[in-house]
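# output the structure for:
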Amino acid sequence: MDKRAMELKDTIGMMNSEDYKERFRAEYCQTVIRYGKLKNMLDRWDEGTLNFVPTCPRSTYNMQVKAMTDYIAVLEARAVMEGIDLSD
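Got it, this is the predicted structure:
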């Protein structure tokens, strides 16, 4: 599954699944999608092409990106341990 092409709405079915592995995949996809959107915003901020003025200081967004990166890494580690394929 190409998480870059997915949108949050594409994970609804997975979130409602009876199978915890599907719900896990949905959580992973949602986190990757949200991370990508935040990273894109920060890249535009750095380039000076952001079309709004952020209300939080950059350091707050940096902490959020770090937390999201760490969380994605934890989910990927759990997936390996639990035998959950995140690639399909």
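
# which regions of this protein lie under the pLDDT threshold?
Counting by pLDDT under 70, the low-confidence segments of the chain come to 1-4, 88.

# which SS class is residue 67?
Three-state call for residue 67 (DSSP: H, G, I helix; E, B strand; the rest coil): helix.

# next, count neighbours for it.
A count of nearby residues for residue 67, using other C-beta atoms under 10 Å, gives 11. All C-beta spots, glycine's among them, are computed from the backbone N, C-alpha and C.

# same deal with residue 32?
Close neighbours of residue 32, defined as other C-beta under 10 Å, add up to 18.

# my guess is it meets residue 71, correct?
No - between residue 32 and residue 71 there is no contact under C-beta atoms under 8 Å: 10.0 Å.

# how about the helices in this protein?
12-15, 20-47, 58-82 (DSSP state H).

# deepest of these, which one?
By mean neighbour count, with neighbours taken as mean count of other C-beta atoms under 10 Å, helix 20-47 ranks first of the helices of the chain at a mean of 15.

# other SSEs contacting it?
helix 12-15, helix 58-82 (3 or more C-beta pairs under 8 Å, 6 or more residues apart in numbering; DSSP states H and E).
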